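1. Next come a sequence and a model predicted from it.
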Amino acid sequence: MENSLVIIPTYNERENIEAMVRKVLSLSHPFHLLIIDDGSPDGTADIVRALQHEYPGRLHLESRRGKLGLGTAYIHGFKYALRNGYEYIFEMDADFSHNPEDLVRLYDSCSQEGYDVAIGSRYVQGVNVVNWPMSRVLMSYFASYYVRMVTGMPIADTTAGFKCYRRRVLETIELDKIRFVGYAFQIEMKFLAFKYGFKIQEVAIIFTDRTKGESKMSKGIFKEAVLGVIKMKIASYFRHFDRY
């Protein structure tokens, strides 16, 4: 059934991208895969183009000029998915920090169990993170705690970037009004899904830090998330969340 699209934004991921493409497209469920590359100077997009001949109709590439931000890449991908009729739309990283085999579990959560959003969660059953220094584990864990306290979302891993959305969620959220482009984008999308009353489930995963390539995390991204949450919460008081 050609109803599922996995979206992976890339910037300088030549060390990971071929293995990731082959893994996702070898899974038991026939996922389609969309790579959104922000002009990687290392030739990531060229590798994807070469692989498209092996996976006709299943491997798609959107190339953008310059590094435009994680949030804008996903919104670009969401619009692509809606235009092309996909029912289940996934977000994941290119670096194998998210195990591609967990895509099937996220799919089942939405398609079989009836949830609107499935989140691959590092913190729903303790702390399931591998290869991170303790300082980063604590920063991430308490960032999620902070977001829960400010927003009221009953979600353990509020900053998670491994998710499945039902089509109706992305049709309801006004994608052109999403404010954040860094990791705060992940928080904003969950917050809007929560405020609109969609059913959300966290699926326990093990997150493994990348072994190849370089992390895109920065202090600026973290600051956007911390300060942005307060602004987002205040703005929600002046907005109606009506799905119909």
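-> Yep, it's here.
2. residues in contact with Ile119?
-> Neighbour list for Ile119: 155, 157, 160, 162-163, 190, 200-203 [criterion: C-beta atoms under 8 Å, 6 or more residues apart in numbering]. From N, CA and C alone the C-beta is placed, and that goes for glycine too.
3. just His29 next, same as before
-> Contacts of His29 (C-beta under 8 Å, 6+ apart): 4, 103-104, 107.
4. How much space separates it from Ser111?
-> 9 Å (C-beta to C-beta, to the nearest Å).
5. What's the local residue count around the nearest residue to Arg65 once chain neighbours are set aside?
-> Ranked by C-beta to C-beta, 6 or more residues apart in numbering and with sequence neighbours excluded, the top spatial neighbour of Arg65 is Gly39, at 5.3 Å. Residues near Gly39, counting by other C-beta atoms under 10 Å, number 14.
6. Quick check: Gly39 is in a strand.
-> No: with DSSP: H, G, I helix; E, B strand; the rest coil as the criterion, Gly39 is assigned coil and is not in a strand.
7. now the helices for the protein?
-> Per DSSP state H, the chain carries helices over the ranges 17-24, 44-52, 70-83, 102-111, 134-151, 167-172, 184-195, 219-236.
8. who's in contact with the third one?
-> With C-beta under 8 Å, 6+ apart as the contact definition, helix 70-83 has outside contacts at 5, 7, 9, 34, 36, 38, 60, 62, 64, 89, 91, 161, 165, 167, 170-171, 175-176, 178, 180-185, 188, 216.
9. pLDDT of stretch 130-145, averaged?
-> For stretch 130-145, mean pLDDT rounds to 83.
10. likewise stretch 55-66?
-> 95.
11. Alpha carbons of that stretch, as PDB, please.
-> Provided in PDB are the C-alpha atoms of stretch 55-66 (Å, rounded to 0.1, in the frame of the first residue of the first chain):
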ATOM      1  CA  TYR A  55      13.900   2.600  -6.500                       C
ATOM      2  CA  PRO A  56      11.700   4.100  -9.200                       C
ATOM      3  CA  GLY A  57       8.600   5.800  -7.800                       C
ATOM      4  CA  ARG A  58       9.700   5.200  -4.200                       C
ATOM      5  CA  LEU A  59      12.700   7.400  -3.600                       C
ATOM      6  CA  HIS A  60      12.100  11.100  -4.100                       C
ATOM      7  CA  LEU A  61      14.400  14.100  -3.900                       C
ATOM      8  CA  GLU A  62      13.700  17.800  -3.300                       C
ATOM      9  CA  SER A  63      16.900  20.000  -3.600                       C
ATOM     10  CA  ARG A  64      16.800  23.500  -2.000                       C
ATOM     11  CA  ARG A  65      19.400  26.200  -2.300                       C
ATOM     12  CA  GLY A  66      21.200  26.800   0.900                       C
END
